[in-house]
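>>> any chance you can model this:
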Amino acid sequence: MLDVKDCQLYMSMNLMATIRQRGISRWKRNAVLARGYVGCMLTMWLGVTSLLSSSFVPTTKAQSSPPNVEPPPTISVEGGPKIPRSLSERASRYTSSRAATLQSWHPTKREMLITTRFADTVQVHLVRMPGGARTQQTFLASHVAWASFEPNHSNYFVFKMDDAGSEIYHLYRYDLASGDITQLTIGDDSVSNVVWLKSDKGLVFSSATRDGENTDFVMLNPLAPQHARRLTRVKGFGWDVMDVAPNDQQVLMSEFVSAEETAIHLLDVGTGTLKRITPQPDNEKVAYWNAAFSRDGKGVYLTTDQASENARLAYLSLASGQISWLPIKQQGAVESFALSPDGRRLAYIVNEEGIGRLRLFDVSAGRGSEVPKLPVGIVSNLNWQSNDEVGFNLETARYPADIYSLKVATHTIERWTYSETGGVSTDDFRDAELIRWRSFDGREISGFLCRPPVRFTGARPVMIDIHGGPQLQARPSYSGRYNYYLNELGMVIIYPNVRGSFGFGKSFLALDNGARRADALQDLRALLDWIKTQPKFDSRRVVLRGESYGGYLALALAVTDSARIRGVIAESAITSIPSYIENTDAALRPYLRAEYGDERKPQQRSLLDTISPTGNVGKISVPMLLAAGKNDIRVPFAETEKLVRAAQARSLPVWYLLASNEGHIFGRKQNRDYLFYATAFFMQQFVLN
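Now for the predicted structure:
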């Protein structure tokens with residue numbers, strides 16, 4: 001049975017592969033030598049050389065380590081002071097935790113492909129049994145985003161990767177017998193979702209064209225990629241492939257219009273004709289998310305918020321077009337599901353204010369079935385191994401992500417991976433607490449609170465960490481490097497879910513759209529008021545942190561409330577919404593305008609300009625730590641540099657880190673480590689002192 005202490009987790013780079021990030025996830029090329037092996041051999045050689053040298057050469061006084069932490073050669077630094085090496089020596093163990101993500105079960109053996117990081121980037125590994133060794137398969141310079149066994153013969157697997165954060169993703173074939181890697185897609189088009197055909201003829205993938213105007217749906221045999229066939233081309237960037245019919249003659253496709261509106265279409269493989277199968281009521285915006293064919297091919301299981309605040313599980317008959325709701329109990333939104341190979345069971349996950357709950361539904365009996373209780377955390381990546389076993393990821397605030405499987409018949413759970421925490425003992429960490437406060441309009445806003453160990457007395461300084469999206473969601477995930485702020489600096493960390501966050505109903509999701517953008521800032525101002533009422537929190541020592549849109553909110557709050565905070569840390573942040581929309585990837589603009597409003601309209605632009613950090617830098621009076629990736633196609637690094645130059649012109653303290661080999665959000669370990677050390681030093685300089 002599952003032990004609570006065994007349930008480890010990891011705060012993923014969200015990619016949080018929700019439907020809201022479709023169209024902007026892609027990866028690229030080039031294998032390199034097996035650096036882990038070479039590195040080990042080099043280390044052994046140096047060790048032997050050192051031993052021999054000490055035998056024949058008079059010993060000399062060891063050279064002392066440099067007193068400061070040097071940035072990686074890929075990061076340029078402006079304005080930041082030298083970071084003392086003593087800080088990195090104390091904090092380094094918090095950088096060494098890792099996580100494991102379930103990717104694919106072997107089609108004939110009880111084995112799985114996973115992704116985890118042993119060196120600088122996330123790579124593909126093979127695990128042959130529960131608790132077994134993680135055998136690394138790929139040794140590449142860039143992160144591997146997805147991997148899957150060929151489902152019939154298992155001679156190879158296919159994976160997806162970009163190059164240096166470019167988010168132009170390509171597919172590759174890895175041959176298990178030889179270890180050879182073959183690139184399957186080329187050019188500037190970027191692969192998003194991939195589904196296998198039920199026969200052994202290959203796969204279907206969706207691919208966004210680089211001009212941002214269209215999406216292609218392509219059928220490809222990984223053993224003969226030169227014969228790839230485009231099934232159809234559709235206008236727009238927010239399309240993805242979802243599933244293939246049991247007879248391989250139809251393909252389910254999703255169309256993303258906005259966070260509140262999506263549709264599911266059916267593509268005939270033979271004729272290339274496209275037909276929308278989900279209804280669109282006249283009086284409401286409806287979202288249809290996950291979708292999969294029933295095993296007889298006569299219908300589609302899907303999740304939708306039609307006639308509901310939250311997504312529910314439903315069945316759509318292809319013959320009648322009618323939707324019927326599955327009789328399940330839920331408090332929150334159904335965020336994903338997976339159908340067993342025989343079609344008799346559905347495993348699904350309910351999001352309850354950020355907490356993931358695993359559930360089962362017996363399709364043949366029409367009722368739910370029992371699931372062992374899991375710790376408070378996040379469940380993800382449902383993947384059936386057989387009709388009786390489903391794999392999944394589990395993460396909590398105390399432990400990084402690991403992979404488990406549930407045996408349905410016996411109600412037992414087995415753990416497949418044991419991810420390290422860098423030598424940090426997490427057994428005594430506190431669980432995340434769900435907190436609530438009232439905003440300016442009386443609406444209840446919630447978030448998660450992490451407290452430092454009880455040995456820290458007195459009113460504690462506070463970090464408010466704001467998620468991006470805007471439609472992402474703060475959840476009780478493993479903090480990794482953040483545990484340093486909790487356990488070494490004694491800080492309190494709050495992860496708010498302001499209006500516009502996913503998981504609280506579609507009305508809440510739309511509360512920050514267009515002209516209501518500033519209302520999300522009001523939620524954060526109300527949080528500052530709430531902090532002031534907490535005797536164990538020091539409201540005079542509050543720092544804001546955020547990535548992407550979360551960085552924007554942190555900086556915008558510094559415009560309105562500099563007197564109540566000590567500083568801002570923002571990574572890949574939007575610094576002006578109008579400028580961001582105008583300068584981002586052209587393919588994203590229609591979806592951004594649906595969210596933020598149309599910046600081409602004078603009234604909306606004026607409203608957005610009033611809360612622009614760059615345009616109002618004169619109102620900011622606190623230090624800033626800003627970081628950006630030179631290859632970022634979502635929020636171009638020039639947006640950050642505009643704010644840096646404006647702050648420098650006012651002699652405002654600003655530390656600026658620019659990584660030449662990163663895209664949106666730092667992904668490489670050495671870059672993330674240096675940003676972490678800089679952030680920790682920023683805390684010491686401007687928050688704790």
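>>> pretty sure residue 85 contacts residue 66?
Yes - the pair formed by residue 85 and residue 66 meets the contact definition of Cβ atoms under 8 Å, at 6.7 Å. Every residue, glycine included, has its C-beta placed from N, CA and C.
>>> more neighbours: those two, which one.
residue 85 (16 against 9; other Cβ atoms under 10 Å).
>>> how about the helices of the chain, start to end?
Remark: helices assigned in the chain by DSSP state H are 35-56, 85-91, 482-487, 506-509, 517-532, 549-561, 577-583, 589-596, 602-609, 637-649, 669-683.
>>> and the gap between residue 446 and residue 473?
Separation of residue 446 from residue 473 (Cβ to Cβ, to the nearest Å) stands at 10 Å.
>>> could you tell me which residues touch both of those two?
Listed as contacting both residue 446 and residue 473 by Cβ atoms under 8 Å, 6 or more residues apart in numbering are 354, 497.
>>> neighbours of residue 650, how many?
Neighbours around residue 650, by other Cβ under 10 Å: 11.
>>> hmm, I typed the wrong one, I wanted residue 681.
Using other Cβ under 10 Å, residue 681 has 21 neighbouring residues.
>>> I'd say it and residue 85 touch.
No - using Cβ under 8 Å, residue 681 makes no contact with residue 85, being 11.2 Å away.
>>> what pLDDT does residue 320 get?
Looking at residue 320, its pLDDT reads 94.
>>> just read off the phi/psi values of it.
Phi and psi for residue 320, reported as degrees, to the nearest 10, are phi -100, psi -20.
>>> distance of it relative to residue 274?
Computed as Cβ to Cβ, the residue 320 to residue 274 distance reads 20 Å.
>>> the two: which has the busier surroundings?
Neighbours of residue 320 and residue 274, each counted by other Cβ under 10 Å, are more numerous for residue 274; the result is 16 against 9.
>>> check contacts around the more buried one.
Going by Cβ under 8 Å, 6+ apart, residue 274 touches 232, 234, 253, 265-268.
>>> and the top strand by length along the chain, average pLDDT?
Scanning the chain for the longest strand, with DSSP state E as the assignment, gives strand 537-547. For strand 537-547, mean pLDDT rounds to 97.
>>> got it, and stretch 391-403?
Here stretch 391-403 scores 91 as its mean pLDDT.
>>> now do the same end-to-end measure for that stretch.
One end of stretch 391-403 sits 7 Å from the other (Cα to Cα, to the nearest Å).
>>> chain center to it: distance?
Relative to its parent chain, stretch 391-403 has a centroid offset of 14 Å by Cα atoms, centre = their mean, to the nearest Å.
>>> nearest to residue 453 among the contacts of residue 274?
Lowest distance from residue 453 to the contacts of residue 274 (Cβ to Cβ) belongs to residue 253, with 50.1 Å.
>>> near that closest one, how many other residues are there?
Residue 253 has 27 nearby residues by other Cβ under 10 Å.
>>> how about residue 322?
Residue 322: 11 surrounding residues under other Cβ under 10 Å.
>>> skipping its backbone neighbours, what lies nearest it in space?
Nearest residue to residue 322, sequence neighbours excluded (Cβ to Cβ, 6 or more residues apart in numbering): residue 316, at 7.3 Å.
>>> and the closest residue in space to residue 458 that isn't next to it in sequence, how close does it get to residue 400?
Of all residues not flanking residue 458 in the chain, residue 538 sits nearest, at 7.8 Å (Cβ to Cβ, 6+ apart). Per Cβ to Cβ, residue 538 is found 29 Å from residue 400.
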